[in-house]
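Visitor: I would like the atomic coordinates for the input below:
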Amino acid sequence: MLAANQVETFHRNGFLNGGSVLSIAEVEKLRAEVDRVLAIGSKGFERRKRKPVLITNLVDSAEGSRIFWQIVNIWEASESFRRLLYHPFIVAAIARLANTDELTIWHDQLLYKPPRTGGVTCWHQDAPLWPIIRPMTPVSAWIALDDADVDNGCMWMTPGSHTWGNQIEFLRTQSHIRQVSEFGRLEGFTPPPGARIRTVTPVSCPVKCGEVSFHHSLTWHGAPVNFSDRPRRAIAIHYMTGDARFVASGHHVMKPYVSLQDGEPMSRAGSNFPRVMEAGKVMRIGDRQ
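Guide: This is a model prediction of the structure:
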């Protein structure tokens, strides 16, 4: 269980390293699943019943031959990743940080930056990129499958930025920032009056293999390119509270899987969105969904 001072740190900064949650044996099994899914590839999954929502290389034209693999809902093609959605410590921690007793999976994202060629994750906020759900999903879990440090492109976070509102348009002006030497410099933004933290001071956030990092969906974060000779693999799991509602006017890769009318609770969205906590109880695979 998270301690009170950890919860306070999260609410002040908008992020928190929650410590180790996976053994090396569990990590190695998940790594093998990543390799298996990538080896099958998007075309190989076309005729399979259980398949990810998306397998894509996220790099843009400015990065040339760099690679940044994203797999959305790898859990739908992997029992090991499906079990991870229900990890008791992670689910309970998310519930405490989000102050809720109802949690549903929004989606997961396997994020893989290969050695030497791994691409950048530009500065962004998560929630503005999810326009089919309101209110904004509050907290995500990011579990490292390799040591993520400054050398191989760990995440950087901006303390207090989760309290500054939707600033995605400003962050898009910072898309030129790609190298680790540049990542601590975000210029041209003044936090709103009354904010608890009123300085823009990005910090690197190393996460060791098997540890979980939590961040608010409005926290400014990103990660530079991976020039090291080590991979940087991680799985981000995004959760919705019981307050989340479907916004039919929005667009997102998960929208075709939502079986709802505008304004209905996302907890009823269907089997692509598993419920992992109900009435304060962490659910298990096989429980009524």
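Visitor: what's the spacing between the residue sitting nearest the centre point of the chain and residue 169?
Guide: The centre of the chain sits closest to residue 236, judged by CA atoms, centre = their mean, with a distance of 3.5 Å. Remark: distance between residue 236 and residue 169 (CB to CB, to the nearest Å) = 23 Å. Bear in mind the C-beta positions are built from the backbone N, C-alpha and C, glycine included.
Visitor: could you do residue 209 as well?
Guide: As judged by CB to CB, residue 209 and residue 169 stand 35 Å apart.
Visitor: list the contacts of residue 212.
Guide: The contact partners of residue 212, by CB atoms under 8 Å, 6 or more residues apart in numbering, come to 17, 18, 19, 21, 89, 90, 93, 141, 142, 143, 144.
Visitor: and of these, the nearest to residue 122?
Guide: Using CB to CB, residue 142 comes nearest to residue 122 of the contacts of residue 212, at 16.4 Å.
Visitor: circling back to that earlier point, please name the bridge partners of the residue nearest to the centre of the chain.
Guide: Beta-bridge pairing of residue 236 under DSSP bridges involves residue 109, residue 142.
Visitor: and for the one 4 residues further on?
Guide: Counting by DSSP bridges, residue 240 is bridged to residue 104.
Visitor: that one: how many residues sit nearby?
Guide: 28 (other CB atoms under 10 Å).
Visitor: cool, and residue 9?
Guide: Quick note: residue 9 (other CB under 10 Å) scores 16 neighbours.
Visitor: what about residue 220, distance to residue 168?
Guide: As defined by CB to CB, residue 220 lies at a distance of 10 Å from residue 168.
Visitor: more neighbours: which of residue 209 and residue 169?
Guide: Using other CB under 10 Å as the criterion, residue 209 and residue 169 rank with residue 209 on top: 18 against 8.
Visitor: pretty sure the more buried one contacts residue 26?
Guide: No - judged on CB atoms under 8 Å, residue 209 makes no contact with residue 26 at a distance of 10.5 Å.
Visitor: what sits against residue 157?
Guide: 13, 14, 15, 202, 203, 205, 215, 219, 220, 221.
Visitor: okay, now the second one: neighbour count?
Guide: Neighbours of residue 14 under the rule other CB under 10 Å: 25.
Visitor: what residues are up against it?
Guide: 157, 158, 159, 160, 161, 162, 163, 215, 216, 218, 219.
Visitor: now, which of these lie within strands?
Guide: Among those, DSSP state E puts 157, 215, 216 in strands.
Visitor: excluding its backbone neighbours, what's nearest the last one?
Guide: Nearest non-adjacent residue to residue 216, counting by CB to CB, 6 or more residues apart in numbering: residue 162, 3.8 Å away.
Visitor: neighbours of the nearest residue to residue 284 once chain neighbours are set aside, how many?
Guide: Once flanking residues are discounted, residue 284 sits nearest to residue 86: 5.9 Å by CB to CB, 6+ apart. Number of residues near residue 86 (other CB under 10 Å) recorded here: 19.
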